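1. Got a sequence here, can you model it:
(2 chains)
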Amino acid sequence: SQQGEEDPQALSIQEGENATMNCSYKTSINNLQWYRQNSGRGLVHLILIRSNEREKHSGRLRVTLDTSKKSSSLLITASRAADTASYFCAPLEGSNYKLTFGKGTLLTVNP
Amino acid sequence: DTGVSQNPRHKITKRGQNVTFRCDPISEHNRLYWYRQTLGQGPEFLTYFQNEAQLEKSRLLSDRFSAERPKGSFSTLEIQRTEQGDSAMYLCATLKDGYSPLHFGNGTRLTVT
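-> Residues are numbered from 1 along each chain as shown, chains lettered A, B, ... in the order given. Below you'll find the predicted structure:
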């Protein structure tokens, strides 16, 4: 099984700026999922992008997927202090539906 | 859709005691996952089920850990003879199918003193 590796490990920006987080993985996938986690809480699903999709939007979130490079990115536009959280990507292999996680990106949005 | 429910939310136990956590999945989600998470780390995979069948158990998991999912509904995770290193957040998540996201519960925070 594989896990996504997020980069950078930490990111600090000012409110209103955009935040970009990257994810790399190793083998072929069925889909790739992005999650957010506020301190002490469970993970909340943000976006799922399928292997045949290249870009997906949801509100202020934009996810891209490049299967040739085995990488994905999550862009948060016009960030808010409430976006402060850890962000994780999880690639899903089609064969066994096992989802594993990396260490995540800790995003801090300063007011 | 009432979400994934985990109980208890917090558990404090003394070293050497046994603890059991429960996870109630979203109905019709046939895959159920257990993860462990410590501060500053991502969720670490422990085990997962398809219906009542346990498909895989992490090799990092000692024999003190056991999980069950009788009848393919709720699941329990038991830790025997707890150690201080078991202190962590234990997360349960369920999955409907390969085209859907994982749904997480809020976790059970275990503190072993």
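
2. low-scoring pLDDT stretches of chain A, where are they?
-> A:1-2, A:94-95 (pLDDT under 70).

3. Residues of it that sit close to chain B?
-> Proximity of chain A to chain B, by Cβ under 8 Å from any Cβ of the partner chain, involves residues A:1, A:3, A:30-31, A:33, A:35, A:40-45, A:48, A:50, A:86, A:88, A:90, A:92, A:94, A:96-104. C-beta: built from backbone N, CA, C; applies to glycine.

4. Among those residues, the buried ones, what's the PyMOL command?
-> Those of the residues of chain A next to chain B that count as buried under 16 or more other Cβ atoms under 10 Å in any protein chain shown are selected in PyMOL with:
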select buried, chain A and resi 3+31+33+35+42+43+45+48+86+88+90+92+97+98+99+100+101+102+103+104
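
5. List the ones among the residues of chain A next to chain B that fall in helices.
-> When those are checked against helices (DSSP state H), there are no matches.

6. I would like the residues contacting stretch A:97-104, please.
-> With Cβ atoms under 8 Å, 6 or more residues apart in numbering or on different chains as the test, stretch A:97-104 has contacts from A:1-6, A:9, A:23, A:33, A:35, A:37, A:86-92, B:31, B:33, B:35, B:40-45, B:48, B:50, B:55-56, B:93, B:95, B:98, B:102.

7. give me that answer again for 7 Å
-> For stretch A:97-104, the external contacting residues (Cβ atoms under 7 Å, 6 or more residues apart in numbering or on different chains) are A:1-6, A:9, A:86-88, A:90, A:92, B:31, B:33, B:41-43, B:45, B:48, B:56, B:95, B:98, B:102.

8. Stretch B:61-70 now?
-> Contacts to stretch B:61-70, defined as Cβ under 7 Å, 6+ apart, come from residues B:32, B:34, B:46-47, B:49, B:52, B:54, B:75-81.

9. Can you list which of these are found in strands?
-> In strands, defined here by DSSP state E, the members of the contacts of stretch B:61-70 are B:32, B:34, B:46-47, B:49, B:54, B:75-79.

10. Kindly list the single helix or strand of chain B that scores lowest on mean pLDDT.
-> The least trusted helix or strand in chain B, going by mean pLDDT, DSSP states H and E, turns out to be strand B:53-57, with a mean of 91.

11. Please save the CA atoms from that strand in PDB.
-> Extracted C-alpha coordinates of strand B:53-57, given in PDB (Å, rounded to 0.1, in the frame of the first residue of the first chain):
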ATOM      1  CA  ALA B  53     -14.100  -9.800   7.600                       C
ATOM      2  CA  GLN B  54     -10.900  -8.300   8.800                       C
ATOM      3  CA  LEU B  55      -8.900  -7.700   5.700                       C
ATOM      4  CA  GLU B  56      -5.600  -6.500   7.000                       C
ATOM      5  CA  LYS B  57      -3.900  -5.700  10.300                       C
END
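
12. relative to strand B:75-79, how tilted is that strand?
-> On the basis of axes from the mean of the first three to the mean of the last three Cα atoms, to 10 degrees, strand B:53-57 is oriented at 40 degrees to strand B:75-79.

13. chain center to strand B:53-57: distance?
-> The chain centroid and the centroid of strand B:53-57 are separated by 13 Å under Cα atoms, centre = their mean, to the nearest Å.
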